[in-house]
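In: Fold the stuff below for me.
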Amino acid sequence: MKRHVFTSDLSNKAFRNLLGERSLQEIATKVEEISPPSEVTRTNACFDPGDISKVTDVGMGTTLEFELQRIQAGVSPHKGTYAYELHDVTLMDGALYKFRFKHGISYRKQLTSHTGQVEVVEDGGTLAQSWLGSRYFGHWVRDDIPLAWLAKQIGNPTGIHRPLTPQQLAYAEILGVEFSTLPHVAHLSKITVLTDSHYNQGKVARWKTMRDAIASRAIGKKFNGVMLLRGFSGESRVLLNELEIAERLERLGFYIVNPGTMDVEKFLSEAAAADIVVGVEGSQLANGFFCMKEDASMLVLQPPFRFNNIYKDACDAIGARYGFVVGDLAANGFTVDAEAVERIVERLCQT
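Out: All right, here's what the predicted structure looks like:
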C-alpha cells in the first residue's frame, strides 16, 4: 500500500459540499459482477398464529407488513455481489466521499473537523468492511467475515481502524480474517468497494465454507440443541424469565451458553452441527447460525416491541427451518411462555 502525505485544510463545510446522491455505479471507473442476482424460496415460519396479535412494534428499518411477508412462503429476490473500482475519493470519519457521493464504512453519528496532514494512498486495496458490520456483531459475523474472504480473493483486503472485541478477535483468528488498516483521513487514488449484503448463491457458498470450517472443529455431538443467553447485553430487550426457559431446555438436552462470556473455541467445538438453536432476537444469534447444520432449525424469542425476523431470510437461504415465539410485555423487559417455547421446539424437530 503506497502512501505519501500532504497538508491541507479539510473543514466540515468542505466535506459537506461533497455529500449528495450519486451512486457507486455512477462514480465507478470499473464494475465487475462477482455473483449474479438470485432468488431464495421462502418457507412458512413455525409459530402460534395468536402470537402476531402480541406484536406492538418492529425493529428499526422495517415494517410490520414486511415482517409478516418474511414469515410466509414465497420467493425473495436477492441482489448480486459487485466490485466497484473507484478513483480519487476521500476517506474521512468512517466514510468515502467524492463530489455528491458518500459511502459509509464505519458507524459514526456526525462528521468531525480535520486540519492537518492527509495521507495519499495510491492503492487502497479492496474494502473488507461494512457500515452495519462496524456497529453490530451479528452483521460483522454474517456479512464482514465473508466479505473479508471475498476481498482477499480480489486482492489486499482493507478497512479503517476499529477495535475488535475479544470474541471478534477469536472468530477472526479461527476463520482467518485479516485486512490492512487504512488511515483515518486520506485521499485514495484507487480503492475497490464490494456490495455484498444480499444472500445470493455466491455469498451463501461462503457461508457454507464458514460452517464447514466450524464443523471441522467439532469434538462429537453431545447436545440436542443450543440455547444462547442474551442477559443484559446489547440493546435493551431483557427476557426476564430467560433462565426459566434455559432450565427447561437443558432438561431436553440443550447446551446453554452465554455468548458474551463464552470461550469461542470451546463453544464452537461443542455446538458445531447443532440441530436447533434458540435465543432472543439479536446479534448473539450469529454464534448459533454458523453452528447450525443446513437442515437445522432456529427458534427466535421475540420481544413484542421489536418484532424482527432478519434470520428468517438467512435460514431460508441455507434451507434451514425457522420459528419464533412472541413474548409478553413486562416491566423492564418481556417474558416468554416456556411451554410455548417447548411446543415450537417439538414442532420444528418433527418437520
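
In: how about the helices of the protein, start to end?
Out: For the chain, the helices defined by DSSP state H occupy 12-16, 24-27, 64-70, 137-139, 145-154, 166-175, 201-215, 242-251, 264-271, 285-289, 310-318, 338-350.

In: Pull out the buried positions in stretch 54-61.
Out: Lys54, Val55, Val58, Gly59 (16 or more other C-beta atoms under 10 Å). In short, each C-beta sits where N, CA and C put it, glycine included.

In: Could I get these in JSON lines, plus columns for distance to Lys102 and pLDDT?
Out: Shown next, in JSON lines, are those (distance: C-beta to C-beta, whole Å; pLDDT from 0 to 100):
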{"residue": "Lys54", "distance to Lys102": "39", "pLDDT": "97"}
{"residue": "Val55", "distance to Lys102": "34", "pLDDT": "97"}
{"residue": "Val58", "distance to Lys102": "27", "pLDDT": "95"}
{"residue": "Gly59", "distance to Lys102": "24", "pLDDT": "86"}
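
In: Number of residues surrounding Arg42?
Out: 20 (other C-beta atoms under 10 Å).

In: residues contacting it?
Out: When contacts are counted by C-beta atoms under 8 Å, 6 or more residues apart in numbering, Arg42 touches Arg70, Gln72, Ala73, Gly74, Val75, Ser76, Lys312, Asp316.

In: who does it bridge with?
Out: Gly74 (DSSP bridges).

In: Next up, the contacts around the residue lying closest to Asn287 once chain neighbours are set aside.
Out: Residue nearest to Asn287 in three dimensions, not counting chain neighbours: Pro259, with 4.7 Å by C-beta to C-beta, 6 or more residues apart in numbering. Contact partners of Pro259, counting by C-beta under 8 Å, 6+ apart, are Gln167, Leu228, Leu229, Phe267, Gln284, Asn287.

In: any idea which of the residues you listed is the one closest to Pro49?
Out: Ranked by distance to Pro49 (C-beta to C-beta), the contacts of Pro259 are led by Leu228 at 25.9 Å.

In: which residues touch the nearest residue to the closest one once chain neighbours are set aside?
Out: Setting aside the residues directly before and after it, Leu228 is nearest to Gly279 in space (C-beta to C-beta, 6+ apart), at 3.7 Å. Residues in contact with Gly279, defined by C-beta under 8 Å, 6+ apart, are Met227, Leu228, Leu229, Arg230, Leu285, Gly288, Leu299, Val300, Leu301.

In: The residue nearest in space to the middle of the chain and Ser216: what is the separation?
Out: In the chain, the residue lying closest to the centroid (C-alpha atoms, centre = their mean) is His139, at 1.6 Å. Distance of His139 to Ser216, computed by C-beta to C-beta, to the nearest Å: 25 Å.

In: Could you list the low-confidence segments of the stretch 101-250 of the chain?
Out: The model of the stretch 101-250 of the chain has pLDDT under 70 over residues 108-116, 221, 231-236.

In: rerun at 90
Out: Scanning the stretch 101-250 of the chain for pLDDT under 90 picks out 104-119, 131, 134-136, 155, 160-165, 178-181, 183-185, 214-224, 230-237.

In: picking that back up, check contacts around the residue nearest to the centre of the chain.
Out: Going by C-beta under 8 Å, 6+ apart, the list of residues near His139 reads Ser130, Leu132, Gly133, Ser283.

In: which pair in the residues you listed spans the largest distance?
Out: The distance between the two most remote of the contacts of His139 (C-beta to C-beta) is 13.9 Å, for Ser130 and Ser283.

In: Comparing the two, which residue is more hemmed in?
Out: Ser130 (24 against 19).

In: how about the closest residue to Arg135 other than its chain neighbours, what does it touch?
Out: Closest residue to Arg135 apart from its sequence neighbours, by C-beta to C-beta, 6+ apart: Tyr107 at 3.9 Å. Listed by C-beta under 8 Å, 6+ apart, the contact set of Tyr107 reads Gly94, Trp131, Leu132, Ser134, Arg135.

In: tally of neighbours for the fourth one?
Out: Summarising burial for Ser134: neighbours were counted as other C-beta under 10 Å, giving 19.

In: got it, and Ala218?
Out: 16.

In: ok, which stretches of the stretch 51-200 of the chain are strands?
Out: Using DSSP state E, counting those that start in this stretch, the strands of the stretch 51-200 of the chain run over 74-78, 81-92, 95-98, 101-104, 114-121, 126-127, 157-160, 180-182, 186-195.

In: so which of the ones you listed gets nearest Asp143?
Out: strand 186-195 (10.4 Å).

In: Quick check: buried residues in the closest one?
Out: Neighbour-count burial for strand 186-195 [16+ other C-beta under 10 Å]: Ala186, His187, Leu188, Lys190, Ile191, Thr192, Val193, Leu194, Thr195.
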